[in-house]
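**Q** Task: produce atomic coordinates for the following.
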Amino acid sequence: MPHAPSQTALHGIYFKMSALVLFCTMDAMVKGLGGTYGSFQLMVFRSAVALLPVAVLIWHAGGLRVVRSTRPGLQALRVTIGFGSMFGFFYAFPRMPLVDAYAISFAAPLFMVALSVPILREPVGWRRWTAVGVGFAGVLIMLDPWAIEFHLVSLVILAATFCYSLSTVLVRLLSRHDPDVVTLFWFAVVGTVVSIACAIPEWKWPPLLDWVWLLTLGLLGGCAQILITRAWRLAPAAILAPFDYTAIVLAMAYGYLWFEEEPSWTVWYGLPLVIGSGLYILHRERVRARALRKTLIS
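**A** Numbering: from 1, shown residues only. Predicted coordinates for the structure are as follows:
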């Protein structure tokens, strides 16, 4: 029997939370391994090993014939921007506290709102634009322009977050034309090839134990991508998105226990503004969805 809507949404939350745990664990591993291996070498394992769970999806969907895109140019743009986002995060994680990086990355919902207007042709009212402005103020506080130590790396995280947001909006646009497995496949394949080419000059042959860590890193990323894709199918974005902010707890735990890090003081001042504005945007999405349902029913 089909699941009730509430049960389906609950399963979506379970998938989302599981994906967050895997992603945060992978990011902590990137930070730990980043002192030994270059960013591109880590990206090789992230992309290549992720092909294994993606291959399972392709097999269930009917084989390689399903990966042909109806919008190859748009797919190429999404892959390019997504690759830039992944490089930015992989470069910055070893160079700044994990919790600081996560706090700045919470600007993603704000970027997505702004980008949805020109790309998806979605209307954005003055309330959501006000929330975006408040969120950007929080991001600026967390960037701490008066500090020098992490300022440049913080800008790298902010640029990677923008690329991630643009990539996500493009995925939403592509979902109107291609199945999810097409987007997952081409990102993994192109990411693997380009990462290998860029990693050759700096390649370091890992010892046996590091092979285990590197393969685990890629497997975590691939499985997390499948889980997050499944979660968006089972539950509305307005239900799932607030759980993104729980990742800050994992980032703090990993940063403190694994790397003995503590958040910068600016994070505590800017983070409430970013989270608050993000939650308000989600509230407005619920209000709009409720009004649309009433209109359709009447």
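**Q** Return the helix or strand in this structure with minimum mean pLDDT.
**A** Across the helices and strands of the chain, mean pLDDT, DSSP states H and E gives its lowest value to helix 237-240, namely a mean of 60.
**Q** Following element in sequence after it, please.
**A** helix 247-259 (DSSP states H and E).
**Q** List the neighbours of that following helix that are in contact with it.
**A** Helix 247-259 is contacted from outside by 20-21, 23-25, 27-28, 31-32, 97-99, 101-103, 106, 261-263, 271, using Cβ atoms under 8 Å, 6 or more residues apart in numbering. The way it works is simple: take the backbone N, C-alpha and C, and place the C-beta from them, glycine included.
**Q** swap in stretch 28-40?
**A** Taking Cβ under 8 Å, 6+ apart as the rule, stretch 28-40 contacts 42, 46, 87, 89-91, 93-95, 98, 195, 198-199, 202-204, 206, 210, 213-214, 216-217, 220, 254-255, 258-259.
**Q** What of stretch 214-224?
**A** 18-19, 22-23, 25-26, 29-30, 33, 37, 42, 45-54, 188, 206.
**Q** Could you rerun that using 7 Å?
**A** 19, 22-23, 25-26, 29-30, 33, 45-46, 48-50, 52-54, 206 (Cβ atoms under 7 Å, 6 or more residues apart in numbering).
**Q** May I see the PyMOL selection of the buried members of the residues you listed?
**A** Of the contacts of stretch 214-224, the buried ones go into a single PyMOL selection, burial set by 16 or more other Cβ atoms under 10 Å:
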select buried, resi 19+22+23+25+26+29+30+33+45+46+48+49+50+53+54+206
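**Q** Give me the subset of the contacts of stretch 214-224 that lies in helices.
**A** Among the contacts of stretch 214-224, the members falling in helices (DSSP state H) are 19, 22-23, 25-26, 29-30, 33, 45-46, 48-50, 52-54.
**Q** what two of those are the furthest from one another?
**A** Using Cβ to Cβ, the ones in helices among the contacts of stretch 214-224 reach their maximum pairwise distance at Leu33 and Val54, which is 22.3 Å.
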